[in-house]
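Participant: Here is a sequence with its predicted model. Questions after.
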Amino acid sequence: MTDVAFALDTAEVARFREEGFLVVDPLTAPEELVALRPAYDRLFEEGAVAANHRIELSGTDLPQVLDAERYAPELGETAAFRHASDVARQLLGPDAVPTGMHAIRKPARSGAETPWHQDEAYWDPARDHFAISVWIPLQPVAEDNGCMQFQPTSGRLPVLDHRRVDPATEGLVLIDTSPVTEPVVCPLPLGGATVHGNRTLHYTGPNRSEEPRRALIMSFASPSRARVEPRSFPWQR
C-alpha cells in the first residue's frame, strides 16, 4: 500500500472497487471548512475569476468556477486536500496527481439540479481515463440541499450518450436515465466527503434550503492512455 497519512481500510477500498463511489467521514475537521467559506464565496463575486473559468451548468442558477485553487490558493493548503491526495493514491496508484479543483455553488432556494451524468463525458474521447473526484461540501448536506447521489456499479458502464442541458450552457445530462435504478443518497456531516470514479453516474438535486450549498471538487488522475478503438462524443461539438 502507498505510504499515506490518511489511510482507507481494506473494506473501503473494496467498496469503491465494487460500487464506484465511497463515503469518507470525516475527511477533515469541520472548523477547517468553516474557515474556507469566505474565500470560497469570493470566487463567485463579479469579476473574481477569468470569464473562461466561470461557466454556467444550468441557466444562471448553477455557476461553476474552474481552477478554483488558482484564485483561492488557501483551498489547496488544507488537510482536506492532503487527505484527498492520500485517498487518490490509494485508489488510483502512486502515480496519481492533482488535476485541479472546481467549485459549484447552488444558491439558496434554487431549483437547479445537477442532472445525472458521467464526468468522462466531458473529456477527450480519444483517451482512456483513470480518475476520481473528491466532493466535499462546506456545510452539512442532505437531500434537501443537494447532496450527492450515485448509481452503484455504474462505473463499469461505457460512457453513455449525453446531451447539453441547454444549448447556452456547458452542463451535460444523460439522455437515457434507465441505468439509474437504485440511486444511493449520500448525506454528509460537515467534514465528510464522497469519492467517485470518472464513469460513475451521479446527480445532485435542487437546494431548497435557506443557505447556499457550497461544494468543492478536488480531482485526481493517473496518466490517461490513447485508445486503441476510436470513439466520439457528438455532444461535445
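Facilitator: Good, I have the coordinates. Residues are numbered from 1 along each chain as shown.
Participant: In terms of secondary structure, what does the helix or strand of the chain with the lowest mean pLDDT contact?
Facilitator: Least confident helix or strand of the chain, by mean pLDDT, DSSP states H and E, is strand 54-56 with a mean of 90. Applying 3 or more Cβ pairs under 8 Å, 6 or more residues apart in numbering; DSSP states H and E, one finds that strand 54-56 makes contact with strand 63-66. Backbone N, C-alpha and C define where each C-beta goes, glycine included.
Participant: What is the helix or strand just after the strand it packs on packed up against?
Facilitator: As assigned by DSSP states H and E, the chain's next helix or strand after strand 63-66 is helix 68-71. On a contact count with 3+ Cβ pairs under 8 Å, 6+ apart, helix 68-71 meets strand 97-106.
Participant: Tell me the strands beside the helix or strand following the strand it packs on, with direction?
Facilitator: Next in sequence after strand 97-106, counting helices and strands by DSSP H and E, comes strand 114-117. Note on strand 114-117: by DSSP bridges, its sheet partners are strand 202-204 (antiparallel).
Participant: From the chain's centroid, how far away is the strand it pairs with?
Facilitator: Centroid separation for strand 202-204 versus its chain: 9 Å, with Cα atoms, centre = their mean, to the nearest Å.
Participant: Now do the same for Arg82: helix, strand or coil?
Facilitator: What DSSP: H, G, I helix; E, B strand; the rest coil gives for Arg82 is helix.
Participant: correct me, but it touches Ala5?
Facilitator: Yes. Arg82 is in contact with Ala5 according to Cβ atoms under 8 Å; the separation is 6.9 Å.
Participant: Comparing these two, which shows the higher neighbour count?
Facilitator: Just comparing Arg82 and Ala5: by other Cβ atoms under 10 Å the higher neighbour count belongs to Arg82, 15 against 9.
Participant: mind checking how far the more buried one is from Leu27?
Facilitator: 10 Å (Cβ to Cβ, to the nearest Å).
Participant: Overlap in contacts, the two.
Facilitator: By Cβ atoms under 8 Å, 6 or more residues apart in numbering, Arg82 and Leu27 have these common neighbours: Phe6.
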